[in-house]
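Enquirer: Have a look; sequence and predicted model below, questions after that.
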Protein chains: 2
Amino acid sequence: MTISADVARRATNRGTPGRVGDVRRQNLALIMHRLDAAGQMTRAQLAAETGLTKASVSSLVADLMSAGLLSEVGLNRVGERGRPGLGVALNTEAAALGMEINVDYIAVGVLDFAGELHFHAVREQHNAGRPPEEVLSSLQSLADEALEQAGGSGMKIHAGGLAVPGLVDPANGRVLRAPNIGWRDVNVALWAEALVSGASFGTAIFNEANTSALAELWYGHGRDLDNYLYVSGEVGIGGGVIIDSELFEGPGGNAGEIGHVVVDPDGPDCSCGGVGCLERYAGQEAILAQAGVDGGNTVERMGALRVSLESQDAAALAAVERAGHHLGVATASTLRMLNLDAVVLGGHFAQLERWIVPAFRGSVNRHAPALLAEDRILVSKLGPTAAVMGAAGSRIRSVLQKPYELFS
Amino acid sequence: MTISADVARRATNRGTPGRVGDVRRQNLALIMHRLDAAGQMTRAQLAAETGLTKASVSSLVADLMSAGLLSEVGLNRVGERGRPGLGVALNTEAAALGMEINVDYIAVGVLDFAGELHFHAVREQHNAGRPPEEVLSSLQSLADEALEQAGGSGMKIHAGGLAVPGLVDPANGRVLRAPNIGWRDVNVALWAEALVSGASFGTAIFNEANTSALAELWYGHGRDLDNYLYVSGEVGIGGGVIIDSELFEGPGGNAGEIGHVVVDPDGPDCSCGGVGCLERYAGQEAILAQAGVDGGNTVERMGALRVSLESQDAAALAAVERAGHHLGVATASTLRMLNLDAVVLGGHFAQLERWIVPAFRGSVNRHAPALLAEDRILVSKLGPTAAVMGAAGSRIRSVLQKPYELFS
DNA sequence: TCATATAGTTCAACTTGAAAACTAATTCAG
DNA sequence: CTGAATTAGTTTTCAAGTTGAACTATATGA
């Protein structure tokens, strides 16, 4: 397994000549995307919906089948009369490995090309401050288990993705900064070469908030929205921006850092070196401190906070309302700059929905009136599997985008 | 002249099948972009640099020449020996019309495909509150003059672009909101049909800050930068975001509104309905009021402000420093969210460079340390022609991108 | 003056999709 | 239970467009 830089970037084309073969590459991707969206279709349906001719579809499907990416899934009645079509679908034996390192746990999962999650496993362990080698080695053993099981079921893993809570450099397989687990410039690529004995696929590295935003896109609210701001509330606050049903990465690949948007120029210092960042008002530590909840690890304290909220504890309610207010300020600024029209709240913001959303909504409306419709404030549907699914899904998307790279 | 929706958007491809002819379209665009960048090249050079064969280049150039987009420009010695090549360049007789409506003036210009501005004319007139028809009719007479002169010089206008200081809906040729000239939902498309008697080209409508940002990209600092935030300081504050050498428009086409990013949640109300927006601290009105400069129109008062600054007037210095400070806050948040690494200041921020940049720099470093290098705070090189050049340039880019649309 | 070098064109081969004809498999009416 | 109608999928022919090699055109320099 090697860390690769082939994270799907926007195909600019500019600068490279068009070859005749490019047309086929585009059409192969088109077929894959269509089947991904529709689940199962006959060649005739594919032809009708893509605009390609039946002849072309037959030829494209044949290539994709012999690469193991598609499979026929039995007869498929379409009209009342006439010859029934053979259903074609993404091969559920083709899959990607998703991995996650977070503050209090590591997780892995195998996601097949149809979007089904197999062999999902979470191992609770506190990773903050531990040496990266130790964490990565623990992750490796968990991944090995998943791969063994997947192999036993006849699945073939085509790619791997790893989500971490920090800034990454995907091109070089590095974690630049992950303050909440204490990592700084860790070369995951070096380690990944050795990960998963005998595995022959490449692994890419992602920011956890970004993969969660993508998981939401493919497996959650994204089915109904083509652009939104995803806010990931963990110990830190991360963000992911979806535009035109794609992750907006920014020039350096690290866009969406809403946790460090300034919400009060005269506010407290932040661990990022800045001043008045959102994270200092709406991160888990900040809320818990403000609410006066202490003792135990962060997960336990968040549980205690919920109890306090249920019992109408004034300090807890005020702390959450304050967080919602500031989250609204950062969101309003973001909506203006990026011209988005929906927001999806994840992580602890999802857990605190009942108490935080009213203050959040009020604040957004105050600072950016009419920019965010009533029904465009949503709460993530996905649980703790989000990051793993997003990491694996990202790699599956790379294959959908460039299926011909797996041709022999 | 008709308002058209063919504003160059990102070619997503997804959803449409690739046809064999698409390859040629891409290569035609490639030739155009290459010549735009290099100015003048022989066919052999084009082949070497694009990766196309000489045969293909000859064929592509022939098509582009018969459409009037390219012309041969005489012999061009390349090597010491051998047959000399014929230089090929963008036809300088092909051009686009740029127009601008702003608070205190209207302007037009004819920009040829090589980037030379001809027949630039500015008419000073106060447009705030005047009926749109009146302003547009005045613009029409100015445009007629430019077109007549251009026609007399044998130039052919292929497209027109209009920049206005407000939010636009390019697809429908509408100005949605332009508070500083008092327009609200003005259908420019309807009027444009009649504009410029006999003209047969389409006109597109743009946001002034966006065209200025693009002008900077093509004719200013953009030659050295592929991503930056452009901040346009006029009566209002607009913004344009450049990513990968393209304008970032956002899902709705109105991204970059930095003037209404929140810089103080408890600040004053803004004309946009929000609270604590940057414009209330760093817009011309705000600075002038804070500095205690009054009397006369905005242009005159800005002149008076400069005089006060030159003579170290305390109130003036404090007002500008305050503006710089808040501009820094909004910029820091923007850099985080969009992951940009340069800023170009335009409009009055350029005029006030000496006094505003230190405060701005300090504030950005305070809120987003290490995100913006010392030498990445730049001041626009372009004068008052920026918006007109950007508007015309945008249309020229559309032609570079899709030259085949002009084939007969 | 001729060898050499470079520019540009012509032409056969190849890839690929479109369009239409053709084969295959099913329903339904009589 | 048989044949017409209908729909699915394949085969064949054709056109677009790029490549690569051969060829023509035009220069320099010994």
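Expert: Alright, I've got the coordinates.
Enquirer: Show me how far the one helix or strand A:Thr334 maps to is from its chain's centre.
Expert: Secondary structure from DSSP states H and E places A:Thr334 in helix A:314-338. Offset of helix A:314-338 from its chain centre (CA atoms, centre = their mean, to the nearest Å): 23 Å.
Enquirer: Would you mind listing the buried residues in it?
Expert: Neighbour counts over helix A:314-338 (16 or more other CB atoms under 10 Å in any protein chain shown) mark A:316, A:319-338 as buried. For every residue, glycine as well, the C-beta is placed using N, CA and C.
Enquirer: Give me the subset of the residues you listed that also touch chain B.
Expert: Among these, the residues that sit close to chain B (CB under 8 Å from any CB of the partner chain) are A:His325, A:His326, A:Val329, A:Ala330, A:Ala332, A:Ser333, A:Thr334, A:Arg336, A:Met337, A:Leu338.
Enquirer: Which of the residues you listed sits closest to DNA strand D?
Expert: DNA strand D has its nearest neighbour among those in A:Leu338, at 36.7 Å by CB to the nearest atom of the strand.
Enquirer: The residue nearest the centre of chain A is in what secondary structure piece?
Expert: By CA atoms, centre = their mean, chain A has its centre lying nearest to A:Thr211, at 1.8 Å. Using DSSP H and E, A:Thr211 falls within helix A:208-219.
Enquirer: ok, now A:Met302?
Expert: A:Met302 belongs to helix A:298-310 when assigned by DSSP H and E.
Enquirer: do A:Ala89 as well
Expert: For A:Ala89, the host element (DSSP H and E) is strand A:85-90.
Enquirer: Contacts for that strand, please.
Expert: Contacting residues not belonging to strand A:85-90 are listed as A:32, A:35-36, A:39-46, A:61, A:65, A:69-76, A:78, A:112-114 [CB atoms under 8 Å, 6 or more residues apart in numbering or on different chains].
Enquirer: those strands in the stretch 101-250 of chain A, which residues are they?
Expert: In the stretch 101-250 of chain A, the strands defined using DSSP state E, counting those that start in this stretch lie at A:105-112, A:117-124, A:156-164, A:167-169, A:174-178, A:183-187, A:202-207, A:228-233, A:237-243, A:246-248.
Enquirer: Could you say which of these is packed most deeply?
Expert: Of those, the one with the most neighbours on average (mean count of other CB atoms under 10 Å in any protein chain shown) is strand A:228-233, at a mean of 28.
Enquirer: What's the mean pLDDT across stretch A:145-152?
Expert: The average of the pLDDT scores along stretch A:145-152 is 94.
Enquirer: Could I have the CA atoms of it written out in PDB?
Expert: Only the C-alpha atoms of stretch A:145-152 are listed here, as PDB (Å, rounded to 0.1, in the frame of the first residue of the first chain):
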ATOM      1  CA  GLU A 145      -8.500  -7.500  10.400                       C
ATOM      2  CA  ALA A 146     -10.900  -5.700   8.100                       C
ATOM      3  CA  LEU A 147      -8.900  -6.600   5.000                       C
ATOM      4  CA  GLU A 148      -8.700 -10.300   6.100                       C
ATOM      5  CA  GLN A 149     -12.400 -10.400   6.400                       C
ATOM      6  CA  ALA A 150     -13.000  -8.600   3.200                       C
ATOM      7  CA  GLY A 151     -10.600 -10.900   1.400                       C
ATOM      8  CA  GLY A 152     -12.400 -13.900   2.800                       C
END
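Enquirer: Name the residues of that stretch that are buried.
Expert: A:Ala146, A:Leu147, A:Ala150.
Enquirer: A:Ala386 touches A:Ser380, doesn't it?
Expert: Yes: counting by CB atoms under 8 Å, A:Ala386 does reach A:Ser380; the two are 6.8 Å apart.
Enquirer: The closest residue to DNA strand D within chain A: how many residues sit nearby?
Expert: Relative to DNA strand D, the nearest point of chain A is A:Gly82 (1.9 Å; CB to the nearest atom of the strand). Neighbour count of A:Gly82, defined by other CB atoms under 10 Å in any protein chain shown: 9.
Enquirer: now the one 3 residues further on
Expert: Counted with other CB under 10 Å, the burial measure for A:Gly85 works out to 17 neighbours.
Enquirer: confidence score at it?
Expert: pLDDT, read off for A:Gly85, is 91.
Enquirer: Then A:Ala8?
Expert: For A:Ala8, the model assigns a pLDDT of 34.
Enquirer: if we can go back for a sec, so for A:Ala386 and A:Ser380, which sits in the more crowded spot?
Expert: Remark: of A:Ala386 and A:Ser380, A:Ala386 carries more neighbours, 28 against 24, as counted by other CB under 10 Å.
Enquirer: mind listing what the more buried one touches?
Expert: Taking CB under 8 Å, 6+ apart, one finds A:Thr211, A:Ser212, A:Ala215, A:Glu216, A:Gly220, A:Gly346, A:Ser380 in contact with A:Ala386.
Enquirer: Same check on A:Ile356?
Expert: A:Val320, A:Glu321, A:Ala323, A:Gly324, A:Leu327, A:Leu345, A:Phe349.
Enquirer: how does chain A divide up, domain by domain?
Expert: Following automatic domain parsing, one finds the domains of chain A at A:22-90, A:94-212+A:386-406, A:224-379.
Enquirer: do you know which of the ones you listed lies nearest B:Ala392?
Expert: Closest approach to B:Ala392 among these is made by domain A:224-379 (24.5 Å; CB to CB).
Enquirer: what is the mean pLDDT for the closest one?
Expert: 95.
Enquirer: Span of that domain from start to end?
Expert: Terminal residues of domain A:224-379 lie 13 Å apart, using CA to CA, to the nearest Å.
Enquirer: and the next element down the chain from whichever strand or helix holds A:Asp63?
Expert: Per DSSP H and E, A:Asp63 falls inside helix A:54-66. For helix A:54-66, the following helix or strand on the C-terminal side (DSSP H and E) is strand A:70-76.
Enquirer: Is DNA strand C within reach of that next one?
Expert: Yes: Strand A:70-76 lies within reach of DNA strand C by CB under 7 Å from any atom of the strand, at A:Leu75.
Enquirer: Can you give the strand pairings for that strand, parallel or anti for each?
Expert: The strands beside strand A:70-76 in its sheet (DSSP bridges) come out as strand A:85-90 (antiparallel).
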